[in-house]
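J.: Give me the fold of what follows.
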Amino acid sequence: MSPEPDRPEDADPTPPPQGGPPAVPPVPPVAPPGDPAGQPPAGPPHPTPPQAGPPYPTPPQAGPPYPTPPYPGISPEPPGYAQAAGPRPRSFGAGVGIGTGIGCGAYVLGGLLAIALISTGLVGFLIPFVIIAVVGIALMFSARTRPIGTGILIVTAAAWILVLGPCVALLAPGGFT
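T.: Predicted coordinates for the structure are as follows:
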């Protein structure tokens, strides 16, 4: 073996200097301007100079910063994010409320007509109310008018149970025997 190593890793490391790292003198803390006690200076704050433009330079742009639609190969609007094509449809409950109002108005007018037709007999008295029920049933066949028909039929059921049933019982010849 040779007395000198072939590689630097094989050499003996140099021993660290005795006494540790060199000492750095401490830096005294610097107090902000103002009182010796560290309080801010008294008086109004210094006004900031007005800025003429944005705080950073804007590069000039020849066109829009992004490509305009239609993008090549991409649809203009992803599915599900487009705005609705027309007005929002009414909810079912709103349609039932509208049908209930229409039914109440129809039964008021039907009652006036029934009083005028009472001289023709019981059938003449019932014809306006049967027509209202038939119109409510006819409205149930279309999905668009089904909520309105439901409201009219709710009023029809209430009117037949609370008003027309007792009236027919009183007006029927011979009553219910």
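J.: where along this structure do the helices fall?
T.: 92-117, 122-139, 146-159, 165-171 (DSSP state H).
J.: Can you tell me which of those helices is packed in deepest?
T.: helix 146-159 (a mean of 20; mean count of other Cβ atoms under 10 Å). In short, each C-beta sits where N, CA and C put it, glycine included.
J.: quick revisit: make CSV from the helices of the chain and add distance to residue 26 to it.
T.: Shown next, in CSV, are these (distance: least, Cβ to Cβ, whole Å):
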stretch, distance to residue 26
helix 92-117, 78
helix 122-139, 93
helix 146-159, 84
helix 165-171, 104
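J.: Select from those the stretch with the lowest mean pLDDT.
T.: The stretch with the lowest mean pLDDT among those is helix 165-171, which comes in at a mean of 78.
J.: ok, back up a step: tell me which of the helices of the chain sits nearest to residue 86.
T.: Nearest to residue 86, of all the helices of the chain, is helix 92-117, at 16.5 Å by Cβ to Cβ.
J.: Need the residues that contact stretch 134-141.
T.: Residues outside stretch 134-141 that contact it (Cβ atoms under 8 Å, 6 or more residues apart in numbering) are 99, 103, 106, 145, 146, 148, 149, 150, 152, 153, 156.
J.: what sits against the closest residue to residue 106 other than its chain neighbours?
T.: Using Cβ to Cβ, 6 or more residues apart in numbering and skipping residues adjacent in sequence, the residue nearest residue 106 is residue 132, 4.9 Å away. By Cβ under 8 Å, 6+ apart, the contact list for residue 132 reads 103, 106, 107, 110, 152, 156.
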